[in-house]
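Participant: Sequence and predicted structure, then a few things I'm wondering about:
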Amino acid sequence: MDELEVAPEESMRRCMYNSESRCDVGALYIQACREKGVTLRLPTQCVTCSDESKKVYQQGETRTYMSNQPDYPQTKSSSDIVFIVEDRDCNRKAAAELRNMVWEVDQALLKKGFSENRYGLIGFTAGNYFHHTMEGQLFNVASKFAMGLESLRFENSSQGQMNPVAAVKMASEMPFRNGVFKSLVLLTCAPCSESNSEIYDAVRQVLDDQDISMFVLRQSAFQLLNNRNPTDKIYGLDENNVFTARPSSKIEVDDLLEGIQIPDDQCANLAIDYKGAIFDASHLIDGNRRHQRTFLQLLGEKVSDKAEKPECQICRCELDMYGFANSVCQTCDSDNSEPVHSAPGFFTDFIEGHEEFKTQLKEFMTGIYSK
């Protein structure tokens, strides 16, 4: 029998010596195995979640929270927002404004009464998707967001097809807090190319179930029907409004909305369908500083306009795609009876029962991975 990559004996001794720490020991052993390319999983009893009130529930268990009840997980209105950035040279100038963008969004949310807001950052290239942490955290406050921006590369490479929808899927799997407004902000160089329909449908399912709004910024000007030229700079649009550089009357907005070509790619459709908006990111690059500031302020206002505290949520403790326990929440009026979790295939066959912890450490390691 060949020697195992990570011998289980020491972990077994620690478990037998102090049974109260068996989950911590098991997690350390599993991490060591993962670094060697061997995938294992914790038993159900070792996967626990907790809400803001420190109440603990285990994997597979659900909790229902009503905003008018004292045990609602967020007594304050708050938000978790993930920025998704196409990490290519074509996006360098626009992405340089991300720090100011986050600041404007945060200020607008604070004015609306949303405090302790958190921000995450994901960068993507052709076939590659990366978390950019801030002080080692996937989410952090607005003042720390610039730390994540430092690791963006903006490489001048056009090899391979970009897949923004796959990056959106990754962002939708972030560990959002219970009871907060959740939103994704996608910054791309151009309109999205078509993605795999299975991925696209999965993203729509998650955005719908978890009540996540979607905003899209791309360097593409809005066009009017019949090749007409707009009389004012068009910043963006949502399902019911067109946003311009100057205040417009409702009649002017309605006329614009009827005469504008609504973008029809997958990312734009996600924004329109899921309480978001589409913006022309070229306004981050073109024009003077005052014009750019006006655009950023309007963007912040529109994001905060969509922010709502969920009235009712059903949360379930699941393993996320990284193997960590995470509360996955959906609105109570969702069509799905259970929250959607995004754990990969090797986590879907969960282990049941306390005694299996010992057998998984002892028999599973020494039996299956020996030759």
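Facilitator: Perfect, thanks for sending it. Residues are numbered from 1 along each chain as shown.
Participant: For stretch 151-158, what does the pLDDT average out to?
Facilitator: Across stretch 151-158, the average pLDDT comes to 82.
Participant: Would you mind pulling the contact partners of that stretch?
Facilitator: Residues outside stretch 151-158 that contact it (C-beta atoms under 8 Å, 6 or more residues apart in numbering) are 85, 87-89, 91-92, 95, 123, 125-126, 130, 132. C-beta coordinates here come from the backbone N, C-alpha and C atoms, glycine included.
Participant: any chance of these in TSV, plus distance to Pro8 and neighbour count?
Facilitator: As requested, the contacts of stretch 151-158 are exported to TSV (distance: C-beta to C-beta, whole Å; neighbours: other C-beta atoms under 10 Å):
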residue	distance to Pro8	neighbour count
Val85	42	25
Asp87	40	24
Arg88	45	22
Asp89	48	13
Asn91	47	24
Arg92	48	16
Ala95	46	24
Gly123	37	25
Thr125	39	19
Ala126	40	13
Phe130	32	17
His132	35	19
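Participant: wait, which of those is closest to Leu298?
Facilitator: Taking C-beta to C-beta as the measure, Leu298 sits nearest to Ala95 out of these, at 18.6 Å.
Participant: What residues does the closest one make contact with?
Facilitator: 85, 149, 152, 154, 187.
Participant: I'd like to know which of the contacts of stretch 151-158 are part of strands.
Facilitator: 85, 123, 125, 130 (DSSP state E).
Participant: I'd like those residues as JSON lines, with distance to Asp208 and pLDDT appended.
Facilitator: Output for the ones in strands among the contacts of stretch 151-158, formatted as JSON lines (distance: C-beta to C-beta, whole Å; pLDDT from 0 to 100):
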{"residue": "Val85", "distance to Asp208": "24", "pLDDT": "98"}
{"residue": "Gly123", "distance to Asp208": "26", "pLDDT": "96"}
{"residue": "Thr125", "distance to Asp208": "28", "pLDDT": "92"}
{"residue": "Phe130", "distance to Asp208": "26", "pLDDT": "93"}
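Participant: want to throw those residues into CSV with distance to Gly259?
Facilitator: Output for the ones in strands among the contacts of stretch 151-158, formatted as CSV (distance: C-beta to C-beta, whole Å):
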residue, distance to Gly259
Val85, 32
Gly123, 36
Thr125, 36
Phe130, 40
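Participant: Name the nearest of those relative to Met66.
Facilitator: Of all the ones in strands among the contacts of stretch 151-158, Met66 sits closest to Val85, with 36.1 Å by C-beta to C-beta.
Participant: how about that closest one, what does it touch?
Facilitator: Shown in contact with Val85 (C-beta under 8 Å, 6+ apart): 91, 95, 98, 121-124, 152, 187.
Participant: Out of the ones in strands among the contacts of stretch 151-158, which is nearest to Ser183?
Facilitator: Nearest to Ser183, judged by C-beta to C-beta, of the ones in strands among the contacts of stretch 151-158 is Val85 at 14.9 Å.
Participant: So, low pLDDT: which residues of the chain?
Facilitator: The chain contains residues with pLDDT under 70 at 1-5, 18-20, 71-75, 157-159, 231, 248-253, 321-323, 334-371.
Participant: domain assignment for it?
Facilitator: 1-43+351-371, 49-74+311-349, 79-220+263-306 (automatic domain parsing).
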